[in-house]
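K.L.:
Would you be able to build a 3D model of this:
(chains A and B)
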Amino acid sequence: MSDPLVLLGEVRTALLPNSGGLAAREASALLSLLPGQRVLMRERPLALAVSPSSPVGVDCRLATVSRSESRAIGTVAAHAVLVGGRVLQSSACSSVVRAADQHRRPWSHYLTRAGTVELVHRIGDDTSTAVDLTEGFLEGSGPTTLDLGSISERLLTRVRTDPRLDQDPPVHSGATRLRWAARVAPPVDGSARGRTLFAFRLEDENTRSVRIMVPTVRDLAGAQRFCEDLAIHDWLLSTLASALSDADRPRPESDSSKELAPLLEQLVHLWMPGAHTPPRLRELWTRLESDPGFTRQWTAQVGHLRDRLAVATLEALRSSKISTVQW
Amino acid sequence: MSSATDYSEAGERNRVAGQPLSHLSIEVGHFYMDELVNGVDRIRAQLRKVAPIVDTQIAAAEAEFGPGARVSTCFLVDDYFWSRTPARSRDARRTADPRHVLEKLLTAAEECGVRIDYLAREAGCAEVPSFRDGEPVGEPVRLAEMMSARIVAEPERDSTGRRPPTVESGWLCNGRRSSEYDAGQAMRIARYRPPEEFGARNHSIFLDVQLWSRQLEEVAGRREEHILWSCPFLASIWQLLRLGMIRDEGAMVAAPVPWDDPWPEEWSRLPAVVQLNPQAKPFAAYRALSVLPYSYLGIEHAVRVILDHLQLDDDVQAKLAERGAGERIPVEVPRQATRRLNHIFLGDV
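P.N.:
This is a model prediction of the structure:
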C-alpha cells in the first residue's frame, strides 16, 4: 500500500454527562463499543481509556481548494476516548492514499484497511495533492464532501446517551471540535526535515483547526493521539474561561461560587499537557507553552478561580458573623 | 552517562493469543438434522463421494506444502434450527438425541472411509459454552452477537458520512436495493430503478441476505423476544472459526475439546467443537475447503457476502500472516478471509 498523502481528522470533546467521574472498570464498560475487542486502558500519569475503533464506509468527494475531481472510497475509523474518567472525546480519522486502480473494489478490500480512503482521481503530485486536500478539508468542506464531523458527532452522542450515565454533570459546559490534517513535510534537498511544523488556530468559539507536518511517515501515527491530547487541553481552557466570564456577569440571586467550585474539584487535576502525546511529538507542547502559552493561561485561570472562591468564602464568613452578632 | 526510563502498561496493548494451524481444513459434509434423523442412505451416498475428494486434497496439500502438510477434517451438525424452530414431535426430538445421531453418522463415515477429526455444532457458532471437566460452566460467549457488531455496511455512491448508512435491521446486501425501498417512494410516482450490485461487471447479481429474525418464545409463562440467527450468518462464523480468525478480548474462542465420555443426551451438553481424533492436526487452517451438496451453493454465496462485510481483527490477521511466513514452506495469508475459502459442490450424479 502506498504511503498516506494526508491524514484528516476531527476530535469532539465534551464533559461526560454524569454526576461523578468513572472508575477504570466503568470506563471500560462504557467504551466497549465492539464486544470481544478490548478497551485500551492507561493509568499514568492520568487515566485514559480508548475504545476499539469502528469503521464507517464512505464513497464521496474530498474537499479541495482546486475544485479538482476527487472521489475517494474507503472507511473512516472512529473511536471514543475518556480522559480522567471525566472528559469524553470522539475522534474520527481517515488516512488518504492513492487508489491502485480506478474502479471501486469489493468491499472486503476496504475493510482490510480500516480508517483509509483511497483517492481515485489523480489531482497532482504528492505534495500539491496533500496541500490541496489539507486546505480543502479545513477551509472548504461542504455538504457533498467527506464529513468527519457527523461521524464523530454520532459517536459522541452514542456514548453520551448511554443509559448508565445519569445526565447530571456537576458543571455545565459546551463541546468543542478540533479539525486537523497531518502530512509528511516534503524533504528539503533530498533529506527529511528534522522538526515537526505545526499551526493551531481558533476558528470560532467552538472550532479549532490544526495543521501538522511531520518529518517522516512513521511520525504520522502519533498525530491523532497528539490532536486528542491538544483538544482536551484546549477544551479545559475554554471551559474554565467561559465559566469565569459567566461568573463575572452580574446576576442577582445567584451564588457564583456554587458554579465555580465544581470546576476546581472536577477539572483542574486533568491539566497535564503532553501526558498522552507520543514522545516524538512531545516537542510540539514545548512550543505551545511558549506561544500562546497554554499553561500560563491555565495557571492564571485557575488562580483567578481560586481567588474568586476565596473572596466568596470570606464574604460568606463575614455575613454569617454579622448575622450571628445580630442574632 | 545517560539514563532511560521505559514505562509501559499492560492495558495499553491488545494482546492476541496465537492459534495452532493446519495447512488445510476440509469440511466433509454438513447435514440438516432431519437428514441425520431420517435414513442414513443419503448420508452414506454423499460420504462415498467425499472420500476420494479428501484423499486427492490431502495428496495435493502434500505436493504443495511438503510431506509434513497438516490437514484436518471436520463436520458441522445443525443442532441450532432443530432446537429453536417451533414444535417438533416428541418422537423426532428423541431420535435427534446426539447418542443416536452421532453413532449413526460416525459409523457411516467409517464405512465410507471418511475420517472426521472434529465435530462442530451449529448452535456453538451462536453461543460458545465454556467447558470444565466435561460440563458446560459459566456464561457462554455470545459469538453471533459479537460478530454482528462487526458488520460494516457498504456505502452507496456519494456517502459522505453525514448520514449513517441505511441498514435494514437484520439484512445485508451486496449492492443498492431497488427504488421500491427509497424513503418516501410510496408517495411518488417515479421510474423504477432496479437493484444494483456494487462493483458489478456490466450486469448485477444482487443478493440480499437475512442475518437474523426475531422470534417470540414462551419462557416461564412470559412471551420473550429472541433473535434467531440465520443459517448463512452462523455458517460465516463457522468459516471464520475454521480460518482461525476469531478472538474474544484476544483469547481463542471455541477451542476444540477432546471427548472420551459417552455422548450426552442433549446437544447443548457438548462443546462447540469436539475433537474426535486424538491424533488430529489442528482444527483451524490457512486454507479451508468445504465439500457440500449443491443445495448449499446459495448459503455459501451468502456466507461470502457476509464475510466481505465483517471487520476482522488486524492483530489476529498479523499474527496469522507471521505464522504462515514462518512455516518451513512459507504460506502467504491473504488479508481477505474469502480468499482463503474453497468450495466443492456435489451434484446428484
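K.L.:
doesn't A:Lys258 fall inside a helix?
P.N.:
Yes. Checked against DSSP: H, G, I helix; E, B strand; the rest coil, A:Lys258 lies within a helix.
K.L.:
Contact partners for the nearest residue to B:Pro258 once chain neighbours are set aside?
P.N.:
Nearest residue to B:Pro258, sequence neighbours excluded (Cβ to Cβ, 6 or more residues apart in numbering or on different chains): B:Gln275, at 4.6 Å. Every C-beta, even on glycine, is put in place using the N, C-alpha and C of the backbone. Residues in contact with B:Gln275, defined by Cβ atoms under 8 Å, 6 or more residues apart in numbering or on different chains, are B:117-118, B:256-259, B:283.
K.L.:
which one of these is nearest B:Val71?
P.N.:
Closest to B:Val71 out of the contacts of B:Gln275 is B:Asp117 (9.0 Å), distances taken as Cβ to Cβ.
K.L.:
And what about the residue nearest to the closest one when sequence neighbours are not counted, helix, strand or coil?
P.N.:
Closest residue to B:Asp117 apart from its sequence neighbours, by Cβ to Cβ, 6+ apart: B:Ala280 at 3.6 Å. When classified by three-state DSSP, B:Ala280 comes out as coil.
K.L.:
tally of neighbours for B:Ala280?
P.N.:
For B:Ala280, the neighbour count with other Cβ atoms under 10 Å in any protein chain shown is 20.
K.L.:
mind listing what the residue of the stretch 1-150 of chain B found nearest chain A touches?
P.N.:
In the stretch 1-150 of chain B, the residue that lies nearest chain A is B:Gly11 (3.6 Å; Cβ to the nearest Cβ). Counting by Cβ under 8 Å, 6+ apart, B:Gly11 touches A:40-43.
K.L.:
just to confirm, which helix or strand has A:Thr239 in it?
P.N.:
For A:Thr239, the host element (DSSP states H and E) is helix A:223-248.
K.L.:
elements contacting that helix?
P.N.:
Identification of packing neighbours for helix A:223-248 by 3 or more Cβ pairs under 8 Å, 6 or more residues apart in numbering or on different chains; DSSP states H and E yields strand A:6-15, strand A:87-98, strand A:176-184, strand A:207-214, helix A:256-266, helix A:283-290, helix A:294-326.
K.L.:
got the residue ranges for the strands in the stretch 101-250 of chain B?
P.N.:
Along the stretch 101-250 of chain B, counting by DSSP state E, counting those that start in this stretch, strands occupy B:118-121, B:128-132, B:135-141, B:171-173, B:175-176, B:196-197, B:208-210, B:212-219, B:222-229, B:247-248.
K.L.:
Most tightly packed of those strands?
P.N.:
Most buried of the strands of the stretch 101-250 of chain B, by mean neighbour count (mean count of other Cβ atoms under 10 Å in any protein chain shown): strand B:118-121, with a mean of 24.
K.L.:
center of chain B - which residue?
P.N.:
For chain B, the residue lying nearest the average C-alpha position, counting by Cα atoms, centre = their mean, turns out to be B:Trp238 (1.5 Å).
K.L.:
Pull the contacting residues for the residue nearest to that one when sequence neighbours are not counted.
P.N.:
In this structure, B:Trp238 finds its nearest non-sequential neighbour in B:Cys125, 5.1 Å apart by Cβ to Cβ, 6+ apart. By Cβ under 8 Å, 6+ apart, the contact set of B:Cys125 is B:80, B:143-144, B:229, B:234-235, B:237-238, B:241, B:272.
K.L.:
Take those residues and write them to TSV, including distance to A:Leu197 and pLDDT.
P.N.:
Putting those into TSV (distance: Cβ to Cβ, whole Å; pLDDT from 0 to 100) gives the following:
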residue	distance to A:Leu197	pLDDT
B:Tyr80	58	88
B:Leu143	48	95
B:Ala144	49	95
B:Trp229	52	95
B:Leu234	52	97
B:Ala235	52	97
B:Ile237	48	97
B:Trp238	51	97
B:Leu241	48	97
B:Ala272	54	95
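K.L.:
one step back: redo the strands of the stretch 101-250 of chain B as JSON lines? Include distance to A:Ala24.
P.N.:
Below are the strands of the stretch 101-250 of chain B laid out as JSON lines (distance: least, Cβ to Cβ, whole Å):
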{"stretch": "strand B:118-121", "distance to A:Ala24": "37"}
{"stretch": "strand B:128-132", "distance to A:Ala24": "25"}
{"stretch": "strand B:135-141", "distance to A:Ala24": "22"}
{"stretch": "strand B:171-173", "distance to A:Ala24": "36"}
{"stretch": "strand B:175-176", "distance to A:Ala24": "44"}
{"stretch": "strand B:196-197", "distance to A:Ala24": "46"}
{"stretch": "strand B:208-210", "distance to A:Ala24": "39"}
{"stretch": "strand B:212-219", "distance to A:Ala24": "34"}
{"stretch": "strand B:222-229", "distance to A:Ala24": "31"}
{"stretch": "strand B:247-248", "distance to A:Ala24": "20"}
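K.L.:
Tell me which of these lies nearest to A:Val302.
P.N.:
Closest of the strands of the stretch 101-250 of chain B to A:Val302 is strand B:247-248, at 44.3 Å (criterion: Cβ to Cβ).
K.L.:
Pull up the pairing partners for that closest one, direction included.
P.N.:
Here strand B:247-248 is paired, per DSSP bridges, with strand B:251-252 (antiparallel).
K.L.:
So what touches the partner strand?
P.N.:
Under the contact criterion Cβ under 8 Å, 6+ apart, strand B:251-252 has outside partners B:17, B:19, B:246.
K.L.:
Try it again at 6 Å.
P.N.:
Residues outside strand B:251-252 that contact it (Cβ atoms under 6 Å, 6 or more residues apart in numbering or on different chains) are B:17, B:19.
K.L.:
contacting residues for residue 197?
P.N.:
Just going to use chain A. Here A:Leu197 is in contact with A:Met213 (Cβ under 6 Å, 6+ apart).
K.L.:
Let me rephrase: I mean chain B.
P.N.:
By Cβ under 6 Å, 6+ apart, the contact set of B:Glu197 is B:174-175, B:204-206.
K.L.:
If anything else comes up later, I'll come back, but that's it for now.
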